[in-house]
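I would like to see how this sequence folds:
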Amino acid sequence: MDQTLTGSLAFLSSGTEEAEESARRLAALYGQSSLGEAGVIVALGGDGFMLQTIHRFMNSGKRIYGMNRGSVGFLMNEYGEDDLRERIAAALAETIRPLRMTAVDDEGIAHRALAINEVSLFRQSYQAAKLRITMDGKVRMDELVCDGVMVATPAGSTAYNLSAQGPIIPIEAPLLALTPVSPFRPRRWRGALLPNRVTVDIEVLEAPKRPVNAVADHTEVKSVRRVTVREARDATATILFDANHSWDERILAEQFRY
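As a prediction, this is how the structure comes out:
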């Protein structure tokens with residue numbers, strides 16, 4: 001990474017006591033630039049805060065370097081106060097593209113949101129959801145009876161997608177994961193890997209009886225009738241990882257955990 005890009009840093013905290021104290025210490029050591037002038041945003045918190053920061057600075061041209069002041073911290077680098085400018089200068093950059101969700105609710109109103117990790121549909125009541133899945137205009141599954149289904153990016157493949165037994169996708173792979181949540185019929189269907197250029201349409205069947213909510217990262221839409229998901233080609237964000245613990249290495253290592 002060009003050393004000039006680390007000349008101005010802005011430290012953002014998730015608001016926890018630990019993150020706030022870290023932000024104060026780092027600002028004292030390295031200076032605190034305004035968000036508009038900073039070349040690199042240093043996000044201090046957990047994975048949830050990192051996702052919020054990525055959304056906030058989408059298409060800004062700013063690079064985001066996370067340091068873990070939360071719990072899991074899969075998207076974060078290890079916290080350390082020494083040689084921070086050198087660490088950032090040597091970091092590897094990963095450019096990610098979010099998904100764009102368009103969800104039409106039961107009043108016919110279209111809601112749009114971006115998702116770094118996944119777009120998910122979940123049953124809203126005790127009744128299982130019934131969903132029809134179409135890709136690029138062709139029906140691929142007439143009826144999926146389940147608790148829910150998601151479309152996950154490579155970045156999100158190690159998050160909720162993995163918990164639902166979905167596949168881990170290398171960050172550079174041009175793929176999306178379509179993963180069911182507790183499928184009842186067809187019972188043995190485990191999902192599919194899709195080219196990232198496809199458009200996925202999910203129609204809610206028997207919607208009044210079996211209401212479904214849709215979620216794109218932190219944005220939730222209740223009582224949806226139809227959800228369309230495609231990769232947002234016009235939106236990008238760049239995040240930085242320490243060279244000795246790149247995102248590719250993390251994803252590879254995750255596949256050998258047991």
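
Quick one: low-confidence residue ranges for the stretch 51-200 of the chain.
Residue ranges of the stretch 51-200 of the chain with pLDDT under 70: none are present.

And the strands in it, which stretches?
Per DSSP state E, counting those that start in this stretch, the stretch 51-200 of the chain carries strands over the ranges 63-68, 92-96, 99-105, 110-115, 118-123, 129-135, 138-146, 148-152, 175-181, 192-195, 200-205.

CSV please, covering those strands and showing mean neighbour count.
The C-beta positions use only the backbone N, C-alpha and C, and glycine is treated the same way. Below are these laid out as CSV (neighbours: other C-beta atoms under 10 Å):
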stretch, mean neighbour count
strand 63-68, 24
strand 92-96, 15
strand 99-105, 22
strand 110-115, 18
strand 118-123, 24
strand 129-135, 20
strand 138-146, 16
strand 148-152, 27
strand 175-181, 23
strand 192-195, 15
strand 200-205, 20
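
for these, which one sits closest to L84?
strand 63-68 (8.6 Å; C-beta to C-beta).

And for the closest one, what's in contact with it?
1, 5, 22, 39-46, 50, 53-54, 57, 73, 75-80, 88, 91, 93, 237-240 (C-beta atoms under 8 Å, 6 or more residues apart in numbering).

So which of these are in helices?
Assigned to helices by DSSP state H, the following of the contacts of strand 63-68 qualify: 22, 50, 53-54, 88.

Put together TSV for the strands of the stretch 51-200 of the chain, with distance to D217 on each row.
Shown next, in TSV, are the strands of the stretch 51-200 of the chain (distance: least, C-beta to C-beta, whole Å):
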stretch	distance to D217
strand 63-68	15
strand 92-96	12
strand 99-105	9
strand 110-115	5
strand 118-123	8
strand 129-135	20
strand 138-146	21
strand 148-152	11
strand 175-181	15
strand 192-195	19
strand 200-205	17
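
neighbouring contacts of stretch 95-105?
So stretch 95-105 is in contact with 54, 58, 110-116, 118-119, 151, 153-155, 171, 176, 196, 214, 216, 219, 221-233, 235-239, going by C-beta under 8 Å, 6+ apart.

Return the closest of the ones in helices among the contacts of strand 63-68 with respect to I133.
I54 (27.6 Å).

Ends of stretch 214-221, what's the gap?
5 Å (C-alpha to C-alpha, to the nearest Å).

One more: stretch 185-201?
One end of stretch 185-201 to the other measures 19 Å (C-alpha to C-alpha).

Now do it: distance to the chain's middle.
18 Å (C-alpha atoms, centre = their mean, to the nearest Å).

Show the end-to-end separation of stretch 190-198, please.
Start-to-end, stretch 190-198 (C-alpha to C-alpha) is 19 Å.

quick one: contacts of that stretch?
Contacts for stretch 190-198 (C-beta under 8 Å, 6+ apart): 97, 135-136, 140, 151, 165-167, 169, 174-180, 183, 200, 230-231.

can you check stretch 174-184 too?
Contacts for stretch 174-184 (C-beta under 8 Å, 6+ apart): 99, 120, 122, 128, 133, 144-154, 157, 161, 164-167, 169, 189-198, 200, 231.
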